[in-house]
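**Student:** 3D model of this:
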Amino acid sequence: MTAPGTVQRFTRPVPRWTPPLSGDELATVLHRIRSWQAFDGDALLDDVAAALDDVPPAEEDVEEIAQRLRGHLMRLVTIAVAAEAEQDATAAQLIGQARTLRAEDVPGHHRKAIGHLRRMGWTANELLERLVATRCLKEVA
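**Tutor:** This next block holds a predicted model:
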């Protein structure tokens, strides 16, 4: 027992603490945290509606809508993979389709570009519904 006011010293050697990540790895984690964007189901549904509407988007809006749909598809695929939704056959098929569409360039011809937008919009909507059905996501209003 130690007397009041004295400090107990350890006699066993204590290993020096080492950080779990290197400086470069910490910088990568910080970059990913700063660039992270939360899933926005309302924005996804707005972009799906723009792509699937009876009145096609104007030619000058196609690339911007396509870029946003690519982002939505990427987030949905990331959520699906993290939630192991690939075990569901329908979800796995939609994930593959989403990856393929996201990687494709928007065609230069306006009608073909609209077709591409509609495939992206349909796939995003179907994958969202499947993730809700498999309880990987909560329902979006």
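
**Student:** residue ranges with poor pLDDT in this protein?
**Tutor:** Applying pLDDT under 70 to the chain picks out residues 1-3, 10, 141.

**Student:** show me what contacts the residue positioned nearest the centre of the chain?
**Tutor:** A centroid search over the chain (CA atoms, centre = their mean) returns Arg75, at 1.9 Å, as the residue closest to the centre. Shown in contact with Arg75 (CB atoms under 8 Å, 6 or more residues apart in numbering): Gln37, Phe39. Any C-beta I mention is one placed from the backbone N, CA and C, and that applies to glycine too.

**Student:** any idea how far it lies from Gln8?
**Tutor:** 53 Å (CB to CB, to the nearest Å).

**Student:** same check on Trp122?
**Tutor:** Distance from Trp122 to Gln8, by CB to CB: 69 Å.

**Student:** those two: who's more crowded?
**Tutor:** Using other CB atoms under 10 Å, the more surrounded residue of Trp122 and Gln8 is Trp122, with 16 against 7.

**Student:** which residues touch that one?
**Tutor:** Going by CB under 8 Å, 6+ apart, Trp122 touches Val48, Ala51, Leu52.

**Student:** buried sites along the longest helix anywhere in the chain?
**Tutor:** In the chain, assigned by DSSP state H, the helix with the most residues is helix 110-133. By 16 or more other CB atoms under 10 Å, the buried positions in helix 110-133 come out as 113-114, 116-117, 119-128, 130-131.

**Student:** can you tell me which of those residues is nearest Pro56?
**Tutor:** Taking CB to CB as the measure, Pro56 lies nearest Ile114 of the buried residues of helix 110-133, at 4.6 Å.

**Student:** quick one: the helices in this structure?
**Tutor:** Under DSSP H, the chain gives helices at 23-35, 41-52, 62-82, 89-103, 110-133.

**Student:** rebuild these as a markdown table, extending it with distance to Pro4.
**Tutor:** Shown next, in a markdown table, are the helices of the chain (distance: least, CB to CB, whole Å):
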| stretch | distance to Pro4 |
| --- | --- |
| helix 23-35 | 42 |
| helix 41-52 | 62 |
| helix 62-82 | 54 |
| helix 89-103 | 65 |
| helix 110-133 | 62 |
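
**Student:** sounds good, over and out.
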